[in-house]
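> Got a predicted structure here, sequence first:
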Amino acid sequence: DRINALLQNVYQAPVREQLIGERITAVKRAQVPVGVSSVPAHASRRAALVQEAGADCLVVQGTVLTARHISRSYEQLSFEKLCASLSIPVVAGNCVDYETALELMQTGIAGILVGVGPGAACTTRGVLGVGVPQVTATSDVAAARETWLHESGRRVQVITDGGMRVGGDIAKAFASGADAVMVGSIFAGTTDAAGGGFHWGMATPDPNLPRGTRIKVGRRGTLREVLLGPARVDDGTQNLVGALRSAMGVCGAHDLREFQQTELVIAPAIQNEGKLFQQAQQVGMGT
């Protein structure tokens, strides 16, 4: 409770818009792509500023997002107008079903975020009782992508957002149809992260209804070790790229497009079948 109150206090001041451009410029100096996230209420007003400052994409993100939205406090955001007004791609989310995803894709967005409440620090599923398992959600949104690709010739990138704990989770997201994944707690646990081994969700400081908490993830290695290895542990938290490549090879996929066609089965026993000694000794997959 003390941490939530502290975060609410820290985040209560409105974002100073002149700082947005300054932060974009500072990150661009490192010669890395810059994505800027905004809630729907502020997206239209800040879009031009974000583009002029040199951002590479604009992400419009809420707990749940649809192409049509009703609000008493601000004018409805038109994704058609927003996308048409910018030369940089717009990514929107989050959503978890076929119909919502297809309608969003028809507005001209370039990418779509998938997931409601799967993040390690997120409490949305408990607070609101809303959520869909990530494999199901990703598969449904990927199906909408294929429909839209057939209708328009445009491929919208599907990004599975949240629930990525180990390399196997990332592999399953791609096998379910994802083009990319959004990773939070894994990166927060690197020695390069500024959070000191702690991680909290984007809705944690909400002034009215917090839907996240602060969690201790520790520090398990450098960003390079986590992404590219070599792994010093056997629990799948390091060398994530190597794990994905190995999973693709085991499934006979030459590239991600082939991997997205991998046959999937529901197998709850896959995590514990034959793992009695690991479970008893709390090592490997038994931790």
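Great, that's in hand. Numbering: from 1, shown residues only.
> any idea how far the longest helix along the chain is from the chain center?
Within the chain, and with DSSP state H defining each element, the longest helix by residue count is helix 134-152. Computed by C-alpha atoms, centre = their mean, to the nearest Å, the chain-centroid distance of helix 134-152 equals 17 Å.
> Just checking, which helix or strand succeeds it along the chain?
As assigned by DSSP states H and E, the chain's next helix or strand after helix 134-152 is strand 157-161.
> what is the orientation angle of the helix or strand following that next one with strand 157-161?
Sequence-wise, the next helix or strand downstream of strand 157-161 (DSSP H and E) is helix 167-175. Relative orientation of helix 167-175 and strand 157-161, computed by axes from the mean of the first three to the mean of the last three C-alpha atoms, to 10 degrees: 150 degrees.
> what's helix 167-175 packed up against?
Applying 3 or more C-beta pairs under 8 Å, 6 or more residues apart in numbering; DSSP states H and E, one finds that helix 167-175 contacts helix 134-152, strand 180-182, helix 240-250, helix 256-259. Heads up, the C-betas are built off the backbone N, CA and C, glycines and all.
> about what we covered before: kindly format the C-alpha coordinates of the longest helix of the chain as CSV.
The C-alpha atoms that make up helix 134-152 are tabulated as CSV, following Å, rounded to 0.1, in the frame of the first residue of the first chain:
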residue,chain,number,x,y,z
GLN,A,134,-2.0,-15.1,-24.3
VAL,A,135,-1.9,-18.0,-26.7
THR,A,136,-5.6,-17.8,-27.4
ALA,A,137,-5.5,-14.0,-27.7
THR,A,138,-2.5,-14.1,-30.0
SER,A,139,-4.0,-16.8,-32.2
ASP,A,140,-7.2,-14.8,-32.6
VAL,A,141,-5.5,-11.5,-33.4
ALA,A,142,-3.1,-13.3,-35.8
ALA,A,143,-6.2,-14.7,-37.6
ALA,A,144,-7.5,-11.2,-38.0
ARG,A,145,-4.1,-10.2,-39.4
GLU,A,146,-4.4,-12.9,-42.1
THR,A,147,-7.9,-11.8,-43.0
TRP,A,148,-6.8,-8.2,-43.3
LEU,A,149,-3.8,-9.2,-45.3
HIS,A,150,-6.0,-11.1,-47.7
GLU,A,151,-8.4,-8.2,-48.0
SER,A,152,-6.0,-5.3,-48.3
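> Quick one: residues in contact with that helix.
95-99, 101-102, 105-106, 112, 114-116, 118, 154-156, 158, 160, 162-163, 172-173, 176-178, 260, 264 (C-beta atoms under 8 Å, 6 or more residues apart in numbering).
> pLDDT of it, averaged?
Regarding helix 134-152, the rounded mean pLDDT is 98.
> now do stretch 270-283
89.
> Can you tell me what sits against that stretch?
By C-beta under 8 Å, 6+ apart, the list of residues contacting stretch 270-283 from outside reads 234, 284-286.
> run the last query once more with 6 Å
The contact list for stretch 270-283 (C-beta atoms under 6 Å, 6 or more residues apart in numbering) reads 284-286.
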